[in-house]
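Undergrad: Sequence plus the predicted model coming up.
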Amino acid sequence: MCGRFITRDQAATEREFSVVLPLWSYSPHFNITLTSRLEPNVPAIHVVDRQRVGRMMRWPLIRASLHGTPPPFSTFNAAAEGLTTKSTWRSIWNNRDPDRPIRRCILPAGGFYEWQWNGEEGVASVVQPYFIRPIDQDIYGFAGLWGISVRPPGWHRNLRVLDRDDHRQ
């Protein structure tokens with residue numbers, strides 16, 4: 001996924017994912033960018049006391065060692081292959097404290113955009129977006145990790161999409 005996706009109707013999302021406690025409010029959106037750091041703009045579903053909760057969260061997931069300050073350069077995805085080995089994710093993924101379980105979430109979506117660069121290297125390129133979605137369902141979810149960061153004016157929930165390498169040759 002390249003960082004832009006769409007959301008469907010909030011009520012349909014709540015039905016599809018059996019959200020019990022909707023603490024969010026959003027409208028369908030056809031161009032959510034994961035690089036916006038101003039307002040919580042990404043709907044996410046996580047579990048609290050065995051119930052699915054819907055909340056708006058902010059991008060990106062900020063490591064505790066950064067004390068709430070987003071890094072100057074950030075990817076929006078976390079490679080699933082490196083969750084247990086990369087220092088950035090290991091502390092979140094390997095957390096076995098019962099009071100702080102692994103913070104997994106689902107980012108509900110209706111589709112996402114991938115971009116193809118047309119042109120030769122070093123020459124001005126034309127970028128063509130392609131919309132990708134399942135043909136058999138209107139709403140599906142991306143796997144994600146979330147965390148809490150503290151920065152003025154308070155604390156915020158932040159998240160990141162989990163993805164995996166493209167193994168096509």
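TA: Good, I have the coordinates.

Undergrad: Tell me where this structure has helices.
TA: 10-16, 87-93 (DSSP state H).

Undergrad: rank these by mean pLDDT and give me the bottom one.
TA: Mean pLDDT is lowest for helix 87-93 among the helices of the chain, at a mean of 62.

Undergrad: This structure: strands as residue ranges?
TA: Remark: strands assigned in the chain by DSSP state E are 4-7, 21-22, 29-33, 42-48, 51-57, 77-79, 104-109, 111-118, 126-132, 140-151, 154-163.

Undergrad: could those strands go into TSV alongside mean pLDDT, mean neighbour count and distance to Arg15?
TA: Where you see a C-beta, it was placed from the backbone N, CA and C, and this is true even at glycine. As requested, the strands of the chain are exported to TSV (pLDDT from 0 to 100; neighbours: other CB atoms under 10 Å; distance: least, CB to CB, whole Å):
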stretch	mean pLDDT	mean neighbour count	distance to Arg15
strand 4-7	87	21	14
strand 21-22	94	15	11
strand 29-33	83	14	18
strand 42-48	89	21	12
strand 51-57	91	18	11
strand 77-79	65	18	28
strand 104-109	89	22	11
strand 111-118	84	14	18
strand 126-132	85	11	23
strand 140-151	78	17	13
strand 154-163	64	19	22
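
Undergrad: Compile those into CSV and extend it with columns for distance to Glu14.
TA: Shown next, in CSV, are those (distance: least, CB to CB, whole Å):
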stretch, distance to Glu14
strand 4-7, 12
strand 21-22, 6
strand 29-33, 16
strand 42-48, 9
strand 51-57, 6
strand 77-79, 26
strand 104-109, 9
strand 111-118, 19
strand 126-132, 24
strand 140-151, 13
strand 154-163, 18
